[in-house]
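Colleague: Okay, sequence plus prediction incoming.
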Amino acid sequence: MPSIIAPGAKKTTTLTVAVKCRPLRERERGRDIVRVIESKEVLILDPDLSKDYLDRVQNRTKEKNYCFDHAFGPESTNLEVYTKSISSIIPGIVQGLNVTVFAYGSTGSGKTYTMVGTKGDPGLMVLSLNTVFDLIKKDKRSDEFEVTCSYLEVYNEVIYDLLEKSSGHLELREDPEQGISVAGLRCIKVHSADKILELLNMGNSRRKTESTEVNATSSRSHAVLEIRVKRKRRNKYPNQVLQGKLALVDLAGSERATETNNAGQKLRDGANINRSLLALANCINALGKQQKKGLAYVPYRNSKLTRILKDGLSGNSQTVMIATISPADIHYHHTVNTLKYADRAKEIKTHVQKNIGAVDTHVSDYQRMIDSLQTEVCQLKKELAEKESQLSTKPAEKAADDELSQLNILSHEISENVQERINLQKAMSELEETNLNNRSELQRLDEIIARHQAIQMDGSTVEELVARRLVILDNIRDNDEAGVNYQKEIEANEKQRCQLQGMIDEAVSKNGNKTYLRILSQYRLLGMANSELQLEMAMRDQVIHNQREALKNLWNLLMGLGLDEKQILHLAAEQGRKIKTSATPHVLTFHHLHIQG
Ligand SMILES: Nc1ncnc2c1ncn2[C@@H]1O[C@H](COP(=O)(O)OP(=O)(O)OP(=O)(O)O)[C@@H](O)[C@H]1O
């Protein structure tokens, strides 16, 4: 039965951006070029001291000035950063709101120090968790709480569970209602901040770090700690569940490979870290632009990191970006680059809304099918491993062994290929939807402009409308261009798929080990069926989501026309539809609207 949730009022809010400048380190021996003025302004001095007076007056200086919600100098502690920029939004988590905090900055600028901290100067993760549990303690008598914690890292575009000793590769799952989740990620029930900190330390010890020339323990991965708080009102509204979420993100540092003297694996890491960070920067750009230009396409799909952070960047979340910078003159370019993105991020808007519990059942059937397929895939994987170990004990079959491992590689590649295709197709359909909206706005504008011109209205109104029209056209062109690129990628993906399929078929026809191959091909087919099913589920959910949105709009429209809840229900009954509602204190009229039939 599809159900729609009409949640508490949506509040639009802008991203809070705070800048934290770390102290100059002993070995840096450089010049301190950062000045923080009145806790808001950041002044970056020209690193080149040789500029003369004339250069300065002729404005040839590289001095830059930015203004943020908060700015902290080297003497500020993490507690100060927490108190001024985050503490006020943390209580929302136990009231059903989502909060995201992420640190952004170049390698060695102090992201991990700010997020994790030290014993003497605990970081934002520690401080916010302590507050969450203090708040829970206060309300424990009247309400029931359940807190769960997960910790993941994105390394080389692969997601790993930091709470698992030897985590496999995890996949992202999408649901238009619930947003993005990570399939198979461990969620541990916790009862205290200390327990989470214990898990955090354990996870951090598993995190991929390397020594680079810029930072001795440089984080090579992006880490996301997520705390979910479920709250059940024991006395007042026993059926209501509030679900808040706190996502704390410590990003890997961005650096240019040439600066770190990295090679081989490290160089590859750098490329992937930069791919994610580049995608994040592109999303920040597009979102910043969107505030001015309307419907620009935001390329969340270009990396795992941006897909995970999607909610925090534009969805239902109150978000704080902490931009970390170094005061050293040698880092001038990195510092200015970080501040440029931080400056753009100030424009980003999110929509905060309480998550009032409704257990959705419509995905459960698909979910069950996927889970059972996954169990079967695991079982076959085990059988495959057993078979493989038997085969490897017989040296005479070494040649067959090689062919089999080749087959394994091929089947892995084909499954990655299917995932990529799903992702590209979803990106295409999102892009098309964005442009559909753009085109309908264009049509509306054309009609209004024609009407205004017909009655020869004041020129300035028409000028404004025409300017807006040009902006929309510009967006449509940008989005069409992105669409052509996606289409090319889809074609390349399909070509690769055919090639892989051909290679597999050839290998299978040559190989003599029939039992093994039967299992292998079954495993491969199941893996593909699983992926296809996920695509089908996502598409189906998108349709349901659109229907619900349309119904919500219709409900609001009818309310706006002066009809009350009873009259709407009556109207619906006349149309042969059953609607169930239940009242909550957050929305005057209703919070659940279940539509049957
Ligand atoms: N506010 C601070 N006070 C004292 N030391 C700091 C501060 N911020 C950072 N540092 C020191 O600077 C160094 C680099 O910091 P950190 O490891 O947090 O950088 P990072 O941005 O996380 O780097 P990467 O991206 O390479 O992981 C560390 O030795 C850290 O202790």
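Modeller: That came through, no problem.
Colleague: Leaving out chain neighbours, which residue sits closest to the residue in the stretch 201-350 of the chain that the ligand sits nearest to?
Modeller: Closest contact between the stretch 201-350 of the chain and the ligand, by CB to the nearest ligand atom, is at Gly253 (2.4 Å). No exception for glycine: its C-beta is placed from N, CA and C like everyone else's. Spatial nearest neighbour of Gly253, chain neighbours left out: Thr107 (3.0 Å); criterion: CB to CB, 6 or more residues apart in numbering.
Colleague: Give the burial count for the one residue in the stretch 401-550 of the chain that gets nearest to the ligand, as a bare number.
Modeller: Relative to the ligand, the nearest point of the stretch 401-550 of the chain is Asn423 (26.9 Å; CB to the nearest ligand atom). Neighbour count for Asn423, taken as other CB atoms under 10 Å: 20.
Colleague: Determine the set of other helices and strands touching whatever helix or strand it lives in.
Modeller: Here Asn423, judged by DSSP states H and E, is contained in helix 398-454. The contact analysis (3 or more CB pairs under 8 Å, 6 or more residues apart in numbering; DSSP states H and E) places helix 398-454 against helix 364-392, helix 459-510, helix 514-560.
Colleague: 10 Å instead, please
Modeller: strand 171-175, helix 364-392, helix 459-510, helix 514-560 (3 or more CB pairs under 10 Å, 6 or more residues apart in numbering; DSSP states H and E).
Colleague: what about the residue of the stretch 401-550 of the chain closest to the ligand, distance to Glu28?
Modeller: Look at Asn423 and Glu28: by CB to CB, to the nearest Å, they are 42 Å apart.
Colleague: related to what we said a few turns ago, pretty sure the residue of the stretch 201-350 of the chain closest to the ligand contacts Gly108?
Modeller: Yes - counting by CB atoms under 10 Å, Gly253 does reach Gly108; the two are 6.5 Å apart.
Colleague: which residues touch the nearest residue to the residue of the stretch 401-550 of the chain closest to the ligand once chain neighbours are set aside?
Modeller: In this structure, Asn423 finds its nearest non-sequential neighbour in Arg301, 5.7 Å apart by CB to CB, 6+ apart. Listed by CB atoms under 10 Å, 6 or more residues apart in numbering, the contact set of Arg301 reads Ala279, Cys283, Arg307, Lys310, Asn423, Leu424, Lys426, Ala427, Met428, Glu430, Leu431, Tyr486.
Colleague: give me that answer again for 7 Å
Modeller: Contacts were defined as CB atoms under 7 Å, 6 or more residues apart in numbering; by that measure Arg301 touches Arg307, Asn423, Lys426, Ala427.
Colleague: repeat for Pro74
Modeller: Residues near Pro74 by CB under 7 Å, 6+ apart: Cys21, Arg22, Pro23, Pro327.
Colleague: ok now do the last one, which residues does it touch?
Modeller: Which is Pro327. By CB under 7 Å, 6+ apart, the contact list for Pro327 reads Cys21, Leu24, Asp32, Ile33, Val34, Pro74.
Colleague: Model confidence for the nearest residue to the fifth one once chain neighbours are set aside, exactly?
Modeller: Right, Val34. Nearest residue to Val34, sequence neighbours excluded (CB to CB, 6+ apart): Pro327, at 4.2 Å. pLDDT for Pro327: 94.
Colleague: now the one 3 residues further on
Modeller: The pLDDT attached to Ile330 in the predicted structure is 89.
Colleague: before we move on, what about Val182?
Modeller: Looking at Val182, its pLDDT stands at 89.
Colleague: Can you give the domain ranges for this protein?
Modeller: Each domain of the chain is listed here as a residue range: 80-321+348-352, 364-545, per automatic domain parsing.
Colleague: Comparing those domains by mean pLDDT, which bottoms out?
Modeller: Among these, domain 364-545 carries the lowest mean pLDDT (a mean of 68).
Colleague: list the contacts for Thr13?
Modeller: Gln318, Lys349, Thr350, Val352.
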